[in-house]
Every structure is written in structure tokens, then in C-alpha cells.
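Enquirer: Would you be able to build a 3D model of this:
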Amino acid sequence: MVLNRQSSFDLFSQEECRDRAHGVRSEMLVRLTEWRQHNDNIPARRAEALIRAADPGCDNPAEAALLWVVKSVCAFEVVTQYEIVVNGRRYFADIAIPGLMIIFEFDGIGKLGKNDADFAQAKREWIQRENDLRSAGWTIYRVSWPDYEDLVRLRAWVTELLAPYQASIPASAQRLWAVPTQACDGPNRRFHMGASRRRSEGSYT
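Expert: Numbers count the residues shown, from 1 in each chain. Sure, this is the predicted structure:
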């Protein structure tokens with residue numbers, strides 16, 4: 001989210017924004033190196049891997065967490081806000097693996113609008129978008145707030161989805177992963193949503 005804000009990320013000027021994010025990332029890596037010189041107890045290798053894997057295209061912490069989970073198991077290029085044009089319509093996938101034509105998306109309440117009219121319009125646009133992307137050969141997997149109740153399970157699910165395409169999880173991806181600590185994921189966390197559930201292609205799995 002630091003990269004997103006500091007780069008003033010915009011869907012329609014991504015190259016420029018990603019250049020700015022690269023500068024921010026470089027500064028973060030310099031600060032990490034300086035910090036490591038004064039404190040040799042920090043997990044510097046994983047911190048560096050996380051900084052390099054961070055992406056300014058994440059609109060919110062939920063998308064950033066999903067990107068982290070996907071990148072922690074994936075051997076393929078993962079792209080945020082990936083542009084796809086179908087039937088003259090322009091779409092941006094939250095998190096895409098272009099080489100596999102797979103999309104992972106977070107479904108937040110904000111995307112549904114703030115009133116009945118917005119909800120109806122959002123639903124029509126959602127159906128059109130789903131139909132267009134599926135007809136173009138993309139597979140879409142959706143994640144919602146309850147899925148974050150068990151990040152280990154969420155990661156196992158993504159691993160299972162990608163298993164037909166890769167023999168194992170690359171070491172570079174593994175370096176990104178660690179089970180969230182109690183301080184990060186304990187009872188004082190800002191939200192808890194109960195049982196986990198997932199949807200693939202619009203249906204619960």
C-alpha cells in the first residue's frame with residue numbers, strides 16, 4: 001500500500017506509476033540495508049523478498065494480502081491490474097497470471113455500490129465482465145473477506161489450483177511465506193468474519 005500511495009497509482013498511466021514505485025522500492029531496500037547493519041536479528045532476507053514482490057497495483061490491503069499469498073506459491077509471472085480487452089470492452093484484472101490465463105480477484109463490499117441503483121448497475125456490469133472474460137478463455141477465482149480467516153488454508157487452496165501447472169513451489173516464492181504471527185493475526189485484528197468460503201467462476205467451491 002505504500003507503493004500504491006507513493007506512486008499515485010492510476011490504471012490508465014501504469015507505466016509512469018510503476019516507475020515511481022520502483023524509486024520508492026529502491027529507497028525501502030536502502031533503508032532495510034541500513035537497518036540490518038544495526039540489527040542483525042531481523043528476518044532481512046524475507047523482508048527484502050517482500051519488498052521486491054510488493055506491487056503498487058493493489059488497491060487495498062485485502063488485494064495486497066491476496067497478491068502475497070499467490071506470489072508465495074506461484075512459479076509464473078503475476079501481474080496486478082492486468083489489462084484485458086474483449087469485444088471492445090476494457091477490463092483490468094486485480095491479479096492475473098497471464099501465462100495460465102488465470103485471474104484472482106478480491107470481492108469487497110465497496111465494489112457493489114452504496115445504494116440499490118448502484119448495486120443493480122454493478123451487478124449488470126459484473127455479469128457482462130464475467131461473460132466476456134470467460135468467453136475469452138480466462139478462469140476467474142474469487143476471494144472474499146471470510147477467506148482471510150485462515151491464510152494457511154487460503155494458500156493451500158491456491159497451491160492446489162496451480163499444481164497442474166508446476167511441479168513444486170519455487171524457492172524464491174517460498175521465501176515470501178511465513179505463517180502470520182499472533183500479533184498480526186490474533187484476537188485484536190481489526191476484522192474477523194467467521195468460517196472461510198471460496199468462489200470459483202461465480203460459484204462456491
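Enquirer: Contact partners for Asn4?
Expert: Contacts here follow Cβ atoms under 8 Å, 6 or more residues apart in numbering; on that basis Asn4 touches 21, 56-59. Heads up, the C-betas are built off the backbone N, CA and C, glycines and all.
Enquirer: Which of the three states applies to the spatially most central residue of the chain?
Expert: Taking Cα atoms, centre = their mean, the centroid of the chain lies closest to Leu67, which sits 2.5 Å from it. Three-state assignment for Leu67 (DSSP: H, G, I helix; E, B strand; the rest coil): helix.
Enquirer: In this structure it contacts Val79, no?
Expert: No: contact between Leu67 and Val79 fails when scored by Cβ atoms under 8 Å: they sit 9.9 Å apart.
Enquirer: tell me, what's touching the two both at once?
Expert: Common neighbours of Leu67 and Val79 (Cβ under 8 Å, 6+ apart) are Ile95.
Enquirer: can you pull the contacts of Ser26?
Expert: Counting by Cβ under 8 Å, 6+ apart, there are no residues that Ser26 touches.
Enquirer: Where does it sit: helix, strand or coil?
Expert: Three-state call for Ser26 (three-state DSSP): helix.
Enquirer: if we can go back for a sec, so which of the contacts of Asn4 are in helices?
Expert: The members of those that map onto helices under DSSP state H are Ala21.
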